[in-house]
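Q: got a structure for you, letters missing:
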């Protein structure tokens, strides 16, 4: 199995990337759907149906399969190198991956509601929600790359700083959009 390590690692990374692509784009489709529902008929109905189709294809053809395959290849990597499970960086990474799965499952619930035109969120909420995947991506990548050399205080402050910058960007976007 060791001979296949680089292939498994490559496949894991590819499916992590496609999984995040789905998680980044799905909230954008939610935002477009929310804004489509503010339009008059027949535009509202035409756009809503098209956006639901796009979301179904993204979610079931890209996002879910990528999440499953990324997980399978991650488990294979842990099978090849079980000692990773004794290292702090991996345990913390797995915590963030758990948060990523919770984010994915909540996004799935939102997706199911949108498929029924049951929209319970504002476009502002969806813009903020969209940044959740970004924060998780930063946390996971920095943990994997820096491992034990990761300075925790700097890391936590950096994530908080990134979150603040993202929120300021959303606020600025809303201000520009209103003007």
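A: In hand now; what should we look at? Since the structure is predicted, the reported quantities are computational estimates derived from the model, not experimental observations.
Q: okay, and the helix or strand of this protein with the least pLDDT?
A: Ranked by mean pLDDT, DSSP states H and E, the helix or strand of the chain with the weakest confidence is helix 152-178, at a mean of 78.
Q: And that one, what does it pack against?
A: Applying 3 or more Cβ pairs under 8 Å, 6 or more residues apart in numbering; DSSP states H and E, one finds that helix 152-178 makes contact with helix 123-146. (Glycine included, C-beta is placed from N, CA and C.)
Q: how much distance is there from stretch 19-33 to the middle of the chain?
A: Using Cα atoms, centre = their mean, to the nearest Å, we find the averaged C-alpha position of stretch 19-33 to lie 8 Å away from the chain's own average C-alpha position.
Q: mind listing what's buried in that stretch?
A: Applying a neighbour-count criterion of 16 or more other Cβ atoms under 10 Å, the buried positions in stretch 19-33 are 19-20, 22-23, 25-27, 29-33.
Q: Show me the contact partners of it.
A: Contacts of stretch 19-33 from elsewhere in the structure, counted by Cβ atoms under 8 Å, 6 or more residues apart in numbering, are 47-48, 51-52, 54-55, 58-59, 62-63, 66-67, 70, 103-104, 107, 110-111, 114, 119, 121, 123, 126-127, 129-130, 133-134, 137.
Q: any idea how far residue 175 lies from residue 168?
A: If you measure residue 175 against residue 168 using Cβ to Cβ, to the nearest Å, the figure is 10 Å.
Q: just residue 105 next, same as before
A: In terms of Cβ to Cβ, residue 105 sits 28 Å off from residue 168.
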